[in-house]
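Undergrad: Next input, structure requested:
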Amino acid sequence: MKTFWAFLRTEQRSVGFYRMDFLLKVLYSLIAMYGVRSLWSVLYAQDPAIVGRPLSSMITYAMLAVALDIIFYPSALSTAPQNYIAGQVRTGRIDTDLLRPMDLQKQLLARNGGAALFGAVWLVLPAWFIGVLFFGMELPPDLLYGAAFLVSGILSFLILFSLNFILGLVCFATTDIRQITMAYSGILTILSGKLIPNWLYPKWMQALINVLPFRCIFETPLNIYTGAVSSAGIGYSLLLQILWAAVLIILGKGMWLGVHRYLTVQGG
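TA: Alright, predicted model coming up:
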């Protein structure tokens with residue numbers, strides 16, 4: 001926990017040095033939220049039956065997806081676990097991470113988590129407040145849905161972090177994962193519900209999405225916030241996220257231990 005707060009303080013100090021960059025990020029979040037609001041308003045005007053939900057609910061879904069995206073991809077791109085690992089492997093500085101008393105998975109979780117929390121408080125909350133006041137963004141149906149959304153958002157972050165960490169470990173075998181990262185980002189964007197809600201896909205594709213962890217990253221918390229899930233369904237949604245988070249964290253831990261042992265033998 002101390003490491004987490006240390007990275008959070010580092011993020012705060014960086015804002016003091018790069019204030020214009022911070023203000024531009026706030027402006028970007030507002031423009032992006034207004035942009036998706038306008039997009040879905042136009043689509044809804046063409047044929048409301050295609051969307052399948054009230055316009056206000058769809059606008060809230062889309063704008064909140066932008067907010068979550070800002071939280072999940074905080075600060076510079078180098079903060080992402082896969083980019084950090086790839087950079088360390090390419091430059092040969094990965095040995096410095098091996099010398100630290102905390103393993104790499106925990107290091108990157110603290111670094112990424114601190115930056116994400118900072119982004120949530122100082123970037124997303126102001127944008128969310130303005131969205132509610134001026135852009136037609138709705139509040140959760142009640143406190144239960146609001147609290148469940150916060151829990152679901154944390155679990156979403158853990159799932160995304162674990163997937164990114166596993167992708168980063170692939171770099172030890174391939175050295176360069178830029179092309180793999182591009183394909184992964186495309187799959188994540190399409191299947192997570194960030195850009196296009198999954199209920200708009202054909203039935204066969206929805207069946208495929210339902211057995212993958214990607215929908216737990218965006219669609220699950222967004223559906224909870226907008227009240228698209230019943231109160232009974234909230235428990236199932238959170239349980240599914242917990243299971244995926246646990247599986248992926250354990251898988252990442254096992255892969256890192258295997259890589260660590262391999263590197264130790266090679267270094268010897």
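
Undergrad: Check the offset of stretch 34-46 from the chain's centre.
TA: How far stretch 34-46 lies from its chain's middle: 24 Å, per C-alpha atoms, centre = their mean, to the nearest Å.

Undergrad: just stretch 119-133 next, same as before
TA: Using C-alpha atoms, centre = their mean, the offset of stretch 119-133 from its chain centre is 16 Å.

Undergrad: Quick check: buried residues in stretch 150-166?
TA: 152-166 (16 or more other C-beta atoms under 10 Å). (Each C-beta comes from the backbone N, C-alpha and C, glycine too.)

Undergrad: list the buried ones in the longest helix along the chain?
TA: Longest helix of the chain, by residue count under DSSP state H: helix 231-267. By 16+ other C-beta under 10 Å, the buried positions in helix 231-267 come out as 234, 237-238, 240-241, 244-245, 248-249, 252, 255-256, 259.

Undergrad: got it, and stretch 126-142?
TA: In stretch 126-142, counting by 16+ other C-beta under 10 Å, buried: Ala127, Trp128, Ile130, Gly131, Phe135, Met137, Glu138, Pro140.

Undergrad: which secondary structure element contains the third one?
TA: This points to Ile130. helix 125-134 (DSSP states H and E).

Undergrad: what helices or strands is that helix leaning on?
TA: When contacts are defined as 3 or more C-beta pairs under 8 Å, 6 or more residues apart in numbering; DSSP states H and E, helix 125-134 packs onto helix 19-46, helix 55-72.

Undergrad: in the stretch 1-150 of the chain, which segments are predicted with low confidence?
TA: Under the criterion of pLDDT under 70, the regions of the stretch 1-150 of the chain flagged as low confidence span 1-22, 74-79.

Undergrad: The same query, at a cut-off of 80, please.
TA: 1-26, 47-52, 73-79, 92, 95, 97-102, 118-119, 122 (pLDDT under 80).

Undergrad: Any stretches of the stretch 151-268 of the chain with poor pLDDT?
TA: 175-176, 260-268.

Undergrad: Report the contact partners of Ile242.
TA: By C-beta atoms under 8 Å, 6 or more residues apart in numbering, Ile242 lies in contact with Leu155.

Undergrad: Distance-wise, check the residue lying closest to Gly52 once chain neighbours are set aside relative to Pro141.
TA: Sequence neighbours aside, Trp199 is the residue nearest to Gly52 in space, at 6.3 Å (criterion: C-beta to C-beta, 6 or more residues apart in numbering). Going from Trp199 to Pro141 by C-beta to C-beta, to the nearest Å gives 18 Å.

Undergrad: Next: Ile242.
TA: With C-beta to C-beta as the criterion, Ile242 and Pro141 are 22 Å apart.

Undergrad: Now do Gly186 against Ala32, distance only.
TA: Computed as C-beta to C-beta, the Gly186 to Ala32 distance reads 19 Å.

Undergrad: Those two: who's more crowded?
TA: Taking other C-beta atoms under 10 Å, Gly186 and Ala32 do not tie; Ala32 has more neighbours (18 against 10).

Undergrad: Skipping its backbone neighbours, what lies nearest the more buried one in space?
TA: In space, Ala32 is closest to Val66, 4.6 Å off (C-beta to C-beta, 6+ apart).

Undergrad: Thr96 now?
TA: Thr96 sits nearest to Gln88 (C-beta to C-beta, 6+ apart), 7.8 Å away.

Undergrad: Wait, that neighbour touches Asp97, no?
TA: Yes - between Gln88 and Asp97 there is a contact at 6.2 Å, judged by C-beta atoms under 8 Å.

Undergrad: and stretch 216-223, which residues are buried?
TA: Cys216, Ile217, Phe218, Glu219, Thr220, Pro221, Leu222, Asn223.

Undergrad: Can you tell me which of the residues you listed lies closest to Tyr84?
TA: Of all the buried residues of stretch 216-223, Tyr84 sits closest to Ile217, with 19.4 Å by C-beta to C-beta.

Undergrad: Quick check: that closest one vs Leu248, distance?
TA: From Ile217 to Leu248 the distance is 11 Å (C-beta to C-beta).

Undergrad: go on, Tyr236?
TA: For Tyr236, the distance to Leu248 - C-beta to C-beta - is 19 Å.
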